[in-house]
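**Q** from the sequence below, what's the structure:
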Amino acid sequence: MPGDAASATWTLDCSAVQSPGGVDFKGAYVQGPLGRRFIYLSWGTLDDAKSFTLFRRAKLWLDAIPPGVLELALDKGLLVGRLRLTDPKGNPLCAGVRSPVIQWSAVAAEA
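**A** Here you go, the predicted model:
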């Protein structure tokens, strides 16, 4: 998706399971140790051969999801994170991303 797009939406499949330490996330895009899971939002360029070159990335911290929102998402079936893709200077968002930069909500999953 071009960096100047008006908006971007993506879906990542993962599962949330109860563990002795609370809720644990598992999936192809979920990284980090138990209790410190995150998803990378990667910025890069594609050349003519479709080769991706990373130049910046942000960590969307899953341990920062408010517990009430997480419980509701487990019940409803879908967790949604909304965030601006640029920082206050207009650069691609990077570093660790937690509230209030990202707003988490729970919605009903489509059947």
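**Q** what sits up against the lowest-mean-pLDDT helix or strand in the chain?
**A** Lowest on mean pLDDT, DSSP states H and E among the helices and strands of the chain sits strand 15-19, with a mean of 88. For strand 15-19, contacts defined as CB atoms under 8 Å, 6 or more residues apart in numbering pick out 23, 24, 25, 26, 27, 34, 70, 73, 74, 79. All C-beta spots, glycine's among them, are computed from the backbone N, C-alpha and C.
**Q** quick one: buried residues of it?
**A** By 16 or more other CB atoms under 10 Å, the buried positions in strand 15-19 come out as residue 16.
**Q** which parts of this protein are helices?
**A** Counting by DSSP state H, one finds helices in the chain at the ranges 67-76.
**Q** where does pLDDT dip in it?
**A** Low-confidence segments of the chain (pLDDT under 70): 1-3, 111.
**Q** and if we set it to 80?
**A** 1-5, 111 (pLDDT under 80).
**Q** in contact with the nearest residue to residue 46 once chain neighbours are set aside, which residues?
**A** Take residue 46 and drop its neighbours on the chain: the residue closest to it by CB to CB, 6 or more residues apart in numbering is residue 52, 5.8 Å away. Contacts for residue 52 (CB under 8 Å, 6+ apart) come out as 44, 45, 46.
**Q** among the residues you listed, which lie within strands?
**A** Counting by DSSP state E, these place 44, 45, 46 in strands.
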